[in-house]
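Asks: I would like to see how this sequence folds:
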Amino acid sequence: MRKKIDRDPSQKENAKSRKAPAPKPAPAKDPAPANRRNGKAASASEPRTAVPSARRGHSVRSAPAASAPVRIIPLGGVDGIGMNITAFEYGDDVIVVDCGISFPKEDMPGVDVVTPDFTYLQRNAQKLRGLILTHGHEDHIGAVPYLLKKVKCDVYGTRLTLGILDGKLNEHNIRTDDLYEVRAGEVVTLGAFDVEFIHVNHSMPDAVALCITTPCGRIIHTGDFKIDFTPIGTTPIDLGRFAELGKQGVRLLLCDSTNAERPGYTPSESTLTASFDRIFNDDQRRVVIATFSSNVHRVQQILEACARCGRKVALTGRSLQNVLRAAQELGYITIPEGLVIDLADCKHYPPEKLAIITTGSQGEPMSALYRMAFGAHPMVSLGPTDLVVLSASCIPGNEKLVTTIINELYKRNVSVITDRTDDVHVSGHACREELKLLHSLVHADCFVPLHGEYKHLVAHANLAKELGMKPKNVLLPEAGRIIELDRNGIHEAGTVEAGTVMIDSGGGDGVESAVLRDRTNLSESGVVFLTAGVDSEGELAFGPEIVTRGFVYVKESEELLRYLADMARKLLQKSLDRGLTDPTALGARLKDDMFNIIFQKTRRKPVIVTLITEVER
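Replies: Now for the predicted structure:
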C-alpha cells in the first residue's frame, strides 16, 4: 500500500507544489550539511537557509562548497535500450533513479526478463535513502520488485507510476508501505540530496525529470522526454523551470539519448488524431491495433476515435488491461460508457463495427498479437476481413521478431499498417532540435548522455560539443564505471560491479551463465547421455550405454554411436585401471574426455550427462 496525498484524481501534472511524505531519516554524518533536515520533504516554495534550494527564483551558492565529490554510477541504460538505472552517491548517502528491465535477446533461451545486477546496491544497502522513478515504463520500473526482494528501500514516484508499480508488486507478493507519491514541483530531501520533480512530456502521463541538488551543485536528470506543445490529456513540458535552473547554475546534465541521431523535432501525439479517424471511419474491416500497453495517451486517442466512428472496442493482453485499470482508477483515462466490450462478445458485431486493442507491437513471443498471427489465440482468429495496425516503432533488437509477425499476418491475408507506411505512431523521445533546445536552456557545465544504444550516446555527446561544450566536460558512460563530479568538473574514478541478471519463469536469483550456455548448447547440438555401472571391486559391470536427443539422427548414425560407445568404454576402463572408483569422479572424467572426442569427430558441442552407478556383484 502506498502512502497517498489527498488530491483530486483530475489534478494537473504541473500543479503547485505540496508537501510530500517524509523519507526515513539518514544517520548523522560528520560533517553534515547545515540545515539539511534529513528525513523531511519540502515544498518547492518553502524557503531554506543554508541548503541549496530548488525553489523558483531562490538564489543559491554559485560554486560547490563540498570537498568530497558526488559519484554518479550508471548500473544500466547506457549500452542498449532498456534497463535504465543510475545511482548517485555522496558520503554515506545513496539514491537511485529508475530501476528497469530489458527483454531477452535471441541468445538467451528460456529467459523472460533481464534485470540489472544489484550487487553494488546490496553492498551499500545501509546508505540507500530512496529510489526515485521518473515514469512507469517497464524499462524504468520493471525491475523494482526484484530490487525490493533484496534491499528495503523507500520508493518515490508520481501517482500513475506508483499505480502501475502497485500491480507489479502484487504479482510478486510484495507488501510494502514504503511507496511515496509525489507531484511535479515538489522537492524531497533524501540525505545529502534535494530532489525536485519537473513536469515533462513523454509517451505516458505523469513523467518527470529531476533536479538533484547536491553539495557539489545541481544535476539535472531528464528521464525520458520530448517537447510537445499540444500533448494529449496534459500540459506542455515545463521549459520555464529548466530555463530558471539554467540561470541559477547547473553543474551536470544527464539526458535521454534515444533519438539523438534523428534530425528535427518529434511530432506531437495529437497529430495522430486524423490518422485514427480515417482508419476507423473509412475502413470496413475489423481493426486490430497494437501499441505499448503503457502508452495511455495513445489508447485514449484510439478509444475516442472508435467512439466517434461507431466501433465497439475489446482489449486483449494482460499488461494492457492492468495498466488501463490503474489509469482509469486514478483518472488518467476516460472510457465512454458502453464502448468497451468483452472479447468473447466480438462475435456479435460485424467487422466494420469492431476494434481490438492488443499487446505485442514488438513481436514478443506469446503476446496476444503473436498468438493471433500464428493462429494460437483462443478467441481471435485473423483473416482477410482484418486490418492490423502496429501503432509503435520497433525497438532496436526487435526487428526480427516484428518482421516474423508481419510475415505471418500476410500469410493469413491480413492487411498491415506500420509507422513506415502511415502516420500511426510518434516517438516519446526528443529529436536533435529538441535536445539542442534543452541543452541551451540548461547550459550545464558538464554532460553525460544516458538511455540508448552506444551509438546514440556518441551522437548525443557530439551534439553537446557542437553546441560549444568543451570535450573534457563530456563523458561517455559505461555500466559500472564511476563518474565523479567535483569543483573541477567530471572525471572517471574506477568501477563497481555491474552487469545483467537473467530471470526465467522459475524466478529465483537469476539464470547463471553456465545454465544459459547449456540451454544454448541443447538448442544447437542436443544432449548425450552416458550410463554405466561399476561393482564394489572396481570392475565395469555394464555399459557405457549411449542415448541421444537432438544430437544426431540415430538411424543414420549407428556407426558413430558404436564408435562413441567403444571410446567411452575404453576411457572408463582406463580410469578404473588407475584406481579411480568413485562414481562421481568417474562420471566427471568421462564427461570431459568424451566432450573432446565428440567435438573432434563431429565439430559439435552437445550437453553431456554421465550417470555412473555402483552395483552389487
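Asks: helix/strand/coil for E484?
Replies: Taking DSSP: H, G, I helix; E, B strand; the rest coil as the rule, one finds E484 in the strand state.
Asks: give me the beta-bridge partners of it?
Replies: R71, H491 (DSSP bridges).
Asks: run a quick neighbour tally on it.
Replies: Applying other Cβ atoms under 10 Å, we find 19 residues neighbouring E484. (C-beta placed from N, C-alpha, C; glycine too.)
Asks: I'd guessed it sits against G494; true?
Replies: No: counting by Cβ atoms under 8 Å, E484 stays clear of G494, with 9.0 Å between them.
Asks: next, count neighbours for M366.
Replies: 10.
Asks: got the confidence number for N398?
Replies: At N398, the model reports a pLDDT of 83.
Asks: identify the residues contacting it.
Replies: F103, Q362, G363 (Cβ atoms under 8 Å, 6 or more residues apart in numbering).
Asks: run the last query once more with 6 Å
Replies: Contact analysis of N398 by Cβ atoms under 6 Å, 6 or more residues apart in numbering lists Q362, G363.
Asks: okay, buried residues for stretch 318-335 please.
Replies: Using 16 or more other Cβ atoms under 10 Å as the test for burial, stretch 318-335 gives S319, L320, N322, V323, L324, A326, A327, L330, Y332, I333, I335.
Asks: can you add secondary structure and distance to S557 and give those residues back as a markdown table?
Replies: Converted to a markdown table, the buried residues of stretch 318-335 look like this (DSSP: H, G, I helix; E, B strand; the rest coil; distance: Cβ to Cβ, whole Å):
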| residue | secondary structure | distance to S557 |
| --- | --- | --- |
| S319 | helix | 45 |
| L320 | helix | 48 |
| N322 | helix | 50 |
| V323 | helix | 52 |
| L324 | helix | 54 |
| A326 | helix | 56 |
| A327 | helix | 58 |
| L330 | coil | 62 |
| Y332 | coil | 61 |
| I333 | coil | 60 |
| I335 | coil | 61 |
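Asks: possible to save the residues you listed as a markdown table with distance to T613?
Replies: Formatted as a markdown table, the buried residues of stretch 318-335 follow (distance: Cβ to Cβ, whole Å):
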| residue | distance to T613 |
| --- | --- |
| S319 | 48 |
| L320 | 52 |
| N322 | 50 |
| V323 | 54 |
| L324 | 57 |
| A326 | 56 |
| A327 | 59 |
| L330 | 61 |
| Y332 | 63 |
| I333 | 63 |
| I335 | 64 |
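Asks: closest one of these to A290?
Replies: Closest approach to A290 among those (Cβ to Cβ): L320, at 9.4 Å.
Asks: which residue packs closest to that closest one, ignoring adjacent ones?
Replies: Once flanking residues are discounted, L320 sits nearest to S293: 4.0 Å by Cβ to Cβ, 6 or more residues apart in numbering.
Asks: wait, that neighbour touches R318, no?
Replies: No: using Cβ atoms under 6 Å, S293 is not in contact with R318, being 8.7 Å away.
Asks: export stretch 452-470 as PDB, just CAs?
Replies: As requested, the backbone C-alpha atoms of stretch 452-470 are provided in PDB (Å, rounded to 0.1, in the frame of the first residue of the first chain):
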ATOM      1  CA  GLY A 452      20.200   4.400 -25.600                       C
ATOM      2  CA  GLU A 453      22.500   2.300 -27.700                       C
ATOM      3  CA  TYR A 454      26.100   3.300 -27.500                       C
ATOM      4  CA  LYS A 455      25.800   4.900 -31.000                       C
ATOM      5  CA  HIS A 456      23.000   7.100 -29.600                       C
ATOM      6  CA  LEU A 457      25.300   8.200 -26.700                       C
ATOM      7  CA  VAL A 458      28.100   9.100 -29.100                       C
ATOM      8  CA  ALA A 459      25.700  11.100 -31.300                       C
ATOM      9  CA  HIS A 460      24.400  13.000 -28.200                       C
ATOM     10  CA  ALA A 461      27.900  13.600 -26.900                       C
ATOM     11  CA  ASN A 462      28.900  15.100 -30.300                       C
ATOM     12  CA  LEU A 463      25.800  17.300 -30.300                       C
ATOM     13  CA  ALA A 464      26.800  18.700 -26.900                       C
ATOM     14  CA  LYS A 465      30.300  19.500 -28.300                       C
ATOM     15  CA  GLU A 466      28.700  21.100 -31.400                       C
ATOM     16  CA  LEU A 467      26.800  23.400 -29.000                       C
ATOM     17  CA  GLY A 468      30.100  24.600 -27.500                       C
ATOM     18  CA  MET A 469      30.700  22.300 -24.600                       C
ATOM     19  CA  LYS A 470      34.400  21.500 -24.000                       C
END
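Asks: so how far is that stretch off the chain centroid?
Replies: On the basis of Cα atoms, centre = their mean, to the nearest Å, stretch 452-470 sits 23 Å off its chain's mean C-alpha point.
Asks: now that stretch: average pLDDT?
Replies: pLDDT averaged over stretch 452-470 gives 96.
Asks: same check on stretch 381-388?
Replies: Stretch 381-388 shows a mean pLDDT of 95.
Asks: mind checking how far stretch 585-596 is from the chain centre?
Replies: 41 Å.
Asks: so which residues make contact with that stretch?
Replies: Against stretch 585-596 from outside (Cβ under 6 Å, 6+ apart): A568, L571, L572, S575, L580, I608, T610, I612.
Asks: now, which of those residues sits nearest A143?
Replies: After measuring the contacts of stretch 585-596 against A143 - Cβ to Cβ - the closest member comes out as I608, at 35.0 Å.
Asks: and I546, how far from G538?
Replies: 22 Å (Cβ to Cβ, to the nearest Å).
Asks: between the two, who's got more neighbours?
Replies: Each of I546 and G538 has its neighbours counted (other Cβ under 10 Å); I546 has more, 18 against 14.
Asks: could you give the bridge partners of that one?
Replies: Bridge pairing for I546 (DSSP bridges) gives the partners L530.
Asks: list the contacts of it.
Replies: L561, L564, A565.
Asks: identify the residues contacting the first one.
Replies: The neighbours of L561, taking Cβ under 6 Å, 6+ apart as the test, are I546.
Asks: what of L169?
Replies: P145.
Asks: now name the helix or strand holding it.
Replies: helix 159-171 (DSSP states H and E).
Asks: so for the helix or strand just after that helix, mean pLDDT?
Replies: Downstream of helix 159-171, the next assigned helix or strand under DSSP H and E is strand 179-181. For strand 179-181, mean pLDDT is 95.
Asks: what packs against strand 179-181?
Replies: For strand 179-181, the helices and strands in contact under the criterion 3 or more Cβ pairs under 6 Å, 6 or more residues apart in numbering; DSSP states H and E are helix 159-171.
Asks: would you put the C-alpha positions of the helix it packs on in PDB?
Replies: Coordinates of each C-alpha in helix 159-171 appear next as PDB, following Å, rounded to 0.1, in the frame of the first residue of the first chain:
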ATOM      1  CA  ARG A 159       0.500   8.900  -9.000                       C
ATOM      2  CA  LEU A 160       0.200   6.800 -12.200                       C
ATOM      3  CA  THR A 161       3.800   5.500 -11.900                       C
ATOM      4  CA  LEU A 162       3.000   4.100  -8.400                       C
ATOM      5  CA  GLY A 163      -0.400   2.900  -9.500                       C
ATOM      6  CA  ILE A 164       1.300   0.700 -12.200                       C
ATOM      7  CA  LEU A 165       4.000  -0.300  -9.700                       C
ATOM      8  CA  ASP A 166       1.400  -1.400  -7.200                       C
ATOM      9  CA  GLY A 167       0.100  -4.100  -9.600                       C
ATOM     10  CA  LYS A 168       3.700  -5.400 -10.200                       C
ATOM     11  CA  LEU A 169       4.400  -5.600  -6.600                       C
ATOM     12  CA  ASN A 170       1.100  -7.600  -6.000                       C
ATOM     13  CA  GLU A 171       2.100 -10.000  -8.800                       C
END
